[in-house]
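Student: Got a sequence here, can you build the structure:
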Amino acid sequence: LLVRLHVFPEFLCNYHFSFCDVVHPTCIQLRNVILSSFPRHMRLPDPFTPNLKVDLLPEITQAPQILSQFTEHLTASANHQPPVLKDEIDSFLTHWGPASWLQELPGRLATSLTVDRPATMGMESKYDLQAINALVLYVGVSAISRLQTGSVELPQATASIVHSPAMDIFHELACQLDIEGRYYFLNALANHLRYPNNHTHYFSCVLLHLFAEAKANQEIIQEQITRVLLERLIVNRPHPWGLLITFIELVKNPWYEFW
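Tutor: Below you'll find the predicted structure:
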């Protein structure tokens with residue numbers, strides 16, 4: 001994998017979702033190697049540069065190429081009935097409702113252990129991890145597309161990111177999932193903190209906003225966000241660029257009251 005990272009990193013970039021979908025959650029360093037890949041023509045800015053303006057980087061407006069067929073986990077077939085359908089997500093993102101669908105969403109991602117379905121990543125869980133991963137990416141991609149369609153450049157669209165049906169979905173999952181489900185959900189978000197692109201910027205904003213919103217009465221959300229970021233940082237290098245950027249912003253910006 002390290003050879004692939006150095007010789008043909010675009011392969012890991014383009015199929016990072018497929019790799020993360022099958023890598024066991026405890027294989028943190030292996031996942032970091034995959035997520036640290038970036039196109040050979042790109043030079044990464046030093047994340048430790050003082051006063052680095054991430055939102056002004058030219059690459060931050062560009063979408064990464066994703067060749068994984070991630071919507072398959074949100075599409076019904078003869079052999080598979082996902083807990084959440086793509087058409088349902090599209091309807092909520094378009095109409096910002098109904099509220100009942102949003103309230104039911106966390107429970108639908110939890111599947112009975114008696115249901116006959118393949119083991120997820122070789123582990124037994126009441127949650128459909130592949131559905132969570134696909135849901136997070138699809139909602140994020142759709143939200144970014146809607147921002148661009150609305151002629152709002154992503155780096156200047158923080159308010160549009162926060163006040164959106166997509167953020168309502170993420171906020172509901174962060175607040176209503178139990179500790180296990182929230183851990184998988186936050187990991188799914190962190191899997192898109194990669195090299196400079198608009199996905200990295202968007203999902204970084206989502207994680208930081210969820211941390212800030214939890215200041216009032218849900219410290220467990222802040223604790224789990226910190227855990228997800230830290231456990232990826234305390235292992236040996238490489239560390240994904242977007243992961244470093246997000247954690248540096250979290251601990252240095254007084255707005256988040258991390259310390």
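
Student: can you map out the strands along the stretch 51-200 of the chain?
Tutor: For the stretch 51-200 of the chain, no strands turn up when DSSP state E, counting those that start in this stretch is the criterion.

Student: Who's the closest spatial neighbour of residue 174, skipping the chain neighbours?
Tutor: With Cβ to Cβ, 6 or more residues apart in numbering as the measure, residue 210 is the residue that lies nearest to residue 174, at 5.0 Å, once sequence neighbours are left out. For glycine as for every other residue, the C-beta is placed from the backbone atoms N, C-alpha and C.

Student: any weak-confidence spans in the stretch 51-200 of the chain?
Tutor: Low-confidence regions of the stretch 51-200 of the chain, defined by pLDDT under 70, span residues 78, 112-124, 150-159.

Student: can you give me the helices in it?
Tutor: Counting by DSSP state H, counting those that start in this stretch, the segments of the stretch 51-200 of the chain that form helices are 86-95, 99-108, 129-149, 158-162, 165-176, 179-190, 198-213.

Student: Relative to residue 60, which of these is closest?
Tutor: Across the helices of the stretch 51-200 of the chain, the minimum distance to residue 60, taken as Cβ to Cβ, is reached by helix 198-213, at 5.0 Å.

Student: Please enumerate residues in contact with that closest one?
Tutor: With contact meaning Cβ atoms under 8 Å, 6 or more residues apart in numbering, helix 198-213 is reached by 54-55, 60-64, 140-141, 143-144, 154-155, 158, 161-162, 167, 170-171, 174, 186, 189-190, 192-194, 221-222, 225, 229, 241-242, 245-246, 249-250, 255-256.

Student: Give the buried subset of those as a PyMOL selection command.
Tutor: Selection of buried members from the contacts of helix 198-213 for PyMOL, criterion 16 or more other Cβ atoms under 10 Å:
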select buried, resi 54+60+61+64+140+141+143+144+154+155+161+167+170+171+174+186+189+190+192+193+194+221+222+225+229+241+242+245+246+249+250+256
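
Student: Between the two ends of stretch 76-93, what distance do you get?
Tutor: Its start and end residues considered, stretch 76-93 measures 19 Å (Cα to Cα, to the nearest Å).

Student: how far out from the middle of the chain is that stretch?
Tutor: 19 Å (Cα atoms, centre = their mean, to the nearest Å).

Student: Give me the buried positions along it.
Tutor: 82-84, 86, 89, 92-93.
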